[in-house]
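**Student:** need the 3D shape of this:
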Amino acid sequence: MKNTLLWFCAFAAVLGSCQSSQEGQATQVADVAGIWWQIDHPHYDPAYLILRQDGTYTFASNPDGEHGASGQYWFEDGKFMISDAFCTVPGEYEVNVKEQKGDPLSLAFSLVEDDCPARVGILTTKEAIWFAPPP
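**Tutor:** All right, here's what the predicted structure looks like:
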């Protein structure tokens, strides 16, 4: 019985290390660039957040961004900043990136300051799930 318990504990430890994910704060465009799915957006279902390497983004109902709403994003002092024509005053967020074996899994936005309730709801209601590399 003791050997079985030791074997089970060792197996569980190995399995846990294989399945573990890492989470860290994003501090630069390269940390978040990509196509993310399942953003909670009032006009798109499903909704995709496309974060491009050039600092532009699009919310859209398809991963190619066609017919979506776009704006700019950047990082200042490690904080994610976002602005668009609808909410011209930039919003400020912390972004946590979850990865497994170096591959992105999800983004979680936490509000620092944003006077745009619609944008706060879109970004903070659900984690964004990795879909594809940036276009």
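**Student:** all strands in this structure, in order from the N-terminus.
**Tutor:** With DSSP state E as the criterion, the chain has strands at 22-25, 34-37, 48-51, 56-60, 69-76, 79-84, 91-100, 103-113, 128-132.
**Student:** state the distance from residue 71 to residue 51.
**Tutor:** 11 Å (C-beta to C-beta, to the nearest Å). Using the backbone N, CA and C atoms, a C-beta is placed for each residue, glycine as well.
**Student:** shared neighbours, these two?
**Tutor:** Residues touching both residue 71 and residue 51 (C-beta atoms under 8 Å, 6 or more residues apart in numbering) are residue 57.
**Student:** neighbour count winner among the two?
**Tutor:** The neighbour comparison of residue 71 against residue 51 (other C-beta atoms under 10 Å) goes to residue 51, with 25 against 18.
**Student:** need the contact list for that one.
**Tutor:** Per C-beta under 8 Å, 6+ apart, neighbours of residue 51: 29, 32-36, 57, 73, 134.
**Student:** same question, residue 35
**Tutor:** Counting by C-beta under 8 Å, 6+ apart, residue 35 touches 48-51, 63, 131-135.
**Student:** just the buried residues of those residues.
**Tutor:** Buried members of the contacts of residue 35, counted by 16 or more other C-beta atoms under 10 Å: 48-51, 63, 131.
**Student:** as a markdown table, those residues with distance to residue 98 would be great.
**Tutor:** Formatted as a markdown table, the buried ones among the contacts of residue 35 follow (distance: C-beta to C-beta, whole Å):
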| residue | distance to residue 98 |
| --- | --- |
| 48 | 18 |
| 49 | 15 |
| 50 | 19 |
| 51 | 15 |
| 63 | 20 |
| 131 | 14 |
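**Student:** quick check: the farthest pair among those residues?
**Tutor:** Greatest spatial distance in those: 51 and 63, 12.1 Å, computed using C-beta to C-beta.
**Student:** the most centrally placed residue in the chain and residue 127: what is the separation?
**Tutor:** In the chain, the residue lying closest to the centroid (C-alpha atoms, centre = their mean) is residue 107, at 2.2 Å. Going from residue 107 to residue 127 by C-beta to C-beta gives 7 Å.
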